[in-house]
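Asks: I'd like to go over a predicted model; first the sequence, then the structure.
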Amino acid sequence: MAQPNIVLLVTDDMRAGNLAQTGTDDLDAMSQTQQYVGAGGSPANGVRYSRTYCPAPLCAPDRASILTGQYAHNHGVWTNDQNIGQGINALHLLENDLLPAWLQAVGYKTGFAGKYCNGYGEPGDNKAASFVPPGWDDWRAFQGDGTYKYKGPVRVNQNGNVTTIQNDGTYYNTHWVRDRVLARIDQWTGGGSPFFIQGSFVACHNKHPDAEAKYQGNSNVGNVESTCFNQAQPNDIPWIADNPPIDTADTQLSRRQRRDVLRSVDDAVKAIRDKLVAKVIMNNTLIIFVSDNGFLLGEHRLSGKNSPYEESARVPLLARWTNGPLVPGVHSRMTSVLDITATLVDVAGATPGHALDGRSLWAPLPPTGQFRPVLIEGHAFGDTPDFSTVRVSDFVYTEYVGGQKEFFDLTQTPWQRTNYYNGHPEYANTIASLAALLGQLKNGAGSDYNVTWTPPA
């Protein structure tokens, strides 16, 4: 099978909500994306992986995981900060051995447009503003605080040339990313080499993001109905129990505005799909759509991310490759954002420079009665301390630095309101088994993650 073209589209802070309730998923605002890339067509055009988790629910660590195919405890990018060992400066230490270089080595043209890693081009970045990471044939990246200003001004690095785009009434960052992806498709189609293009959108970052005029106020979302909205459970976790209630009206406004800005991304996805169709390369192009992390909107009295709870850790993942081995539809197999890297290496026939912690999205499913675990980990951020979580089947087991532990059976407490770690002897064997499994996974690498878990009797 010929190497496919690859288009990887990444959003920022887009949540997949909670499996227990419709209306909590940001994909609800993106009907075109669901139709043309995911499983929303009739018959389905692509795949939606409904149980996908980010390895670290925070922007910089998860973006580094996509580029390295590794967990944060292996690649070392733990936070968004710019200090050595964190954020952009930790990623700089890895840049000679990342996904684009592996793809270049097997003949791919590689292009990037949009948000790179937190801190890129800011004062704390130890590289010059004109620095272009190795491995990219075409580089178009936002820099500095303007990255999150949807209508500018923003500084951009375009192949080492640093300029500022002003807020002139025409610039909109989603359109800017879209247009650069479209330009690379135009430029590289028919050139004799496959291409890999990453379009990295800023949407729907910010509590109150700025939608383009035609979509302001147009996204219908219901009232805040999450069962755990403003609930302090599990109340034995102090940084939750001590939190004041979240403002309901402000949260409702944020929910709508986040979906307003995603309408523009939805248009961009369709435009990219239409360009691939027009160039007659759609069938042999693998499109993957994913978010770097999820986002809590008042669940457990939390707002934001870097939490092992479903709304923070579960993300949308869609894929389409007409000529590839994808079986269209909704797939409930347990998957990780890390699996994207392993998949791209697989389809390109590339050789990574280090062991990958994920698995190809079309690796065989575990035997009946066995389940694939995924690890979720986080560094202290805000009030939340370091944590490690194993998510397997319908069970979630978490250990926090400081000694707190949580265990949820999502068939019984889908909103993670009841911590079954203490006082539930019926789960004692399951908890002990998951604790041992987490001990293996949280310091593992590569093939250590090619394991399955069997529930104890």
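Replies: Arrived safely, thanks for sending.

Asks: Around residue 148, count how many other residues there are.
Replies: 16 (other CB atoms under 10 Å). Any C-beta I mention is one placed from the backbone N, CA and C, and that applies to glycine too.

Asks: same question, residue 194
Replies: 22.

Asks: Please name the nearest non-neighbouring residue to it.
Replies: Take residue 194 and drop its neighbours on the chain: the residue closest to it by CB to CB, 6 or more residues apart in numbering is residue 3, 4.5 Å away.

Asks: For that neighbour, give me its contacts.
Replies: Counting by CB atoms under 8 Å, 6 or more residues apart in numbering, residue 3 touches 106-108, 194, 347-349.

Asks: Show me what counts as buried in whichever helix or strand residue 258 is part of.
Replies: Residue 258 belongs to helix 248-278 when elements are defined using DSSP states H and E. For helix 248-278, the neighbour count (16 or more other CB atoms under 10 Å) marks 251-252, 254-273, 275-276 as buried.

Asks: Can you give me the separation between the closest residue to residue 78 other than its chain neighbours and residue 356?
Replies: Spatial nearest neighbour of residue 78, chain neighbours left out: residue 379 (3.9 Å); criterion: CB to CB, 6+ apart. Note on residue 379: its distance to residue 356, by CB to CB, to the nearest Å, is 22 Å.

Asks: ok, now residue 27?
Replies: For residue 27, the distance to residue 356 - CB to CB - is 27 Å.

Asks: Share the number of residues neighbouring residue 423, please.
Replies: So residue 423, with other CB under 10 Å, has 7 neighbours.

Asks: After the helix or strand in which residue 111 is found, which helix or strand is next? Please name it.
Replies: Following DSSP H and E, one finds residue 111 within strand 109-114. For strand 109-114, the succeeding helix or strand toward the C-terminus, using DSSP H and E, is strand 138-143.

Asks: Do me a favour and get the backbone dihedrals for residue 151.
Replies: Backbone torsions of residue 151, given as degrees, to the nearest 10, read phi -120, psi 20.

Asks: Just the mean pLDDT for stretch 150-160, thanks.
Replies: For stretch 150-160, mean pLDDT is 96.

Asks: let me fix that: stretch 117-129
Replies: 91.

Asks: which stretches of the stretch 351-457 of the chain aren't confidently modelled?
Replies: Along the stretch 351-457 of the chain, no part satisfies pLDDT under 70.

Asks: let me fix that: the stretch 151-300 of the chain
Replies: Residues of the stretch 151-300 of the chain that meet the cut-off, pLDDT under 70, sit at 222-225, 233-235.

Asks: hey, where'd the strands end up in it?
Replies: 154-158, 161-165, 195-200, 285-291, 296-297 (DSSP state E, counting those that start in this stretch).

Asks: just the stretch 301-450 of the chain next, same as before
Replies: 303-304, 317-320, 329-336, 374-378, 387-392, 395-400, 405-409.

Asks: same check, this time on the stretch 1-150 of the chain
Replies: Using DSSP E, counting those that start in this stretch, strands in the stretch 1-150 of the chain cover 5-11, 47-53, 109-114, 138-143.

Asks: I'd like to know which of these lies nearest to residue 443.
Replies: Of all these, strand 47-53 sits nearest to residue 443, with 18.6 Å by CB to CB.

Asks: Would you mind getting the angle between the closest one and strand 329-336?
Replies: 30 degrees (axes from the mean of the first three to the mean of the last three CA atoms, to 10 degrees).

Asks: For strand 47-53, name the packing helices and strands.
Replies: strand 317-320, strand 329-336 (3 or more CB pairs under 8 Å, 6 or more residues apart in numbering; DSSP states H and E).

Asks: got the angle between the strand holding residue 111 and strand 5-11?
Replies: Using the same axes, to 10 degrees: strand 109-114 against strand 5-11 is 20 degrees.

Asks: Pairing partners for strand 109-114, with directions?
Replies: strand 138-143 (parallel), strand 195-200 (parallel) (DSSP bridges).

Asks: closest to residue 181 out of those strands?
Replies: strand 195-200 (4.3 Å).

Asks: next one: the closest one to chain centre, how far?
Replies: Centroid separation between strand 195-200 and its chain, computed with CA atoms, centre = their mean, to the nearest Å, is 15 Å.

Asks: Ok, stretch 146-166 next?
Replies: 23 Å.

Asks: So what touches it?
Replies: 115, 121, 129-132, 138-144, 167-168, 171-174, 176, 202-203, 205-206, 209-212, 261.

Asks: Neighbours of residue 227, how many?
Replies: 15.

Asks: Could you tell me how many residues sit around residue 416?
Replies: 25.

Asks: doesn't residue 231 make contact with it?
Replies: No. Between residue 416 and residue 231 there is no contact under CB atoms under 8 Å: 9.7 Å.

Asks: anything in contact with each of those two?
Replies: Residues touching both residue 416 and residue 231 (CB under 8 Å, 6+ apart): residue 300.

Asks: just to revisit the earlier point, could you measure the residue nearest to residue 194 against residue 106, distance?
Replies: 7 Å.

Asks: Identify the contacts common to these two.
Replies: With CB under 8 Å, 6+ apart, residue 3 and residue 106 have common neighbours 348-349.

Asks: Quick check: residue 248 vs residue 391, distance?
Replies: Where residue 391 is concerned, residue 248 sits at a distance of 29 Å (CB to CB).

Asks: How about residue 164?
Replies: Counting by CB to CB - residue 164 and residue 391 are separated by 43 Å.

Asks: The spatially most central residue of the chain - nearest residue in space that isn't next to it in sequence?
Replies: Central residue of the chain (CA atoms, centre = their mean): residue 292, 2.4 Å from the mean position. In this structure, residue 292 finds its nearest non-sequential neighbour in residue 62, 4.4 Å apart by CB to CB, 6+ apart.

Asks: ok, that neighbour - contacts?
Replies: Counted by CB under 8 Å, 6+ apart, residue 62 has contacts 54-56, 292-293, 337.

Asks: Mind putting those residues into TSV with distance to residue 431?
Replies: Formatted as TSV, those follow (distance: CB to CB, whole Å):
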residue	distance to residue 431
54	24
55	23
56	23
292	30
293	26
337	26
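
Asks: Go through the residues you listed and flag which are in helices.
Replies: Judged by DSSP state H, the subset of those located in helices is empty.

Asks: which one among these gets closest to residue 236?
Replies: Using CB to CB, residue 56 comes nearest to residue 236 of the contacts of residue 62, at 24.2 Å.
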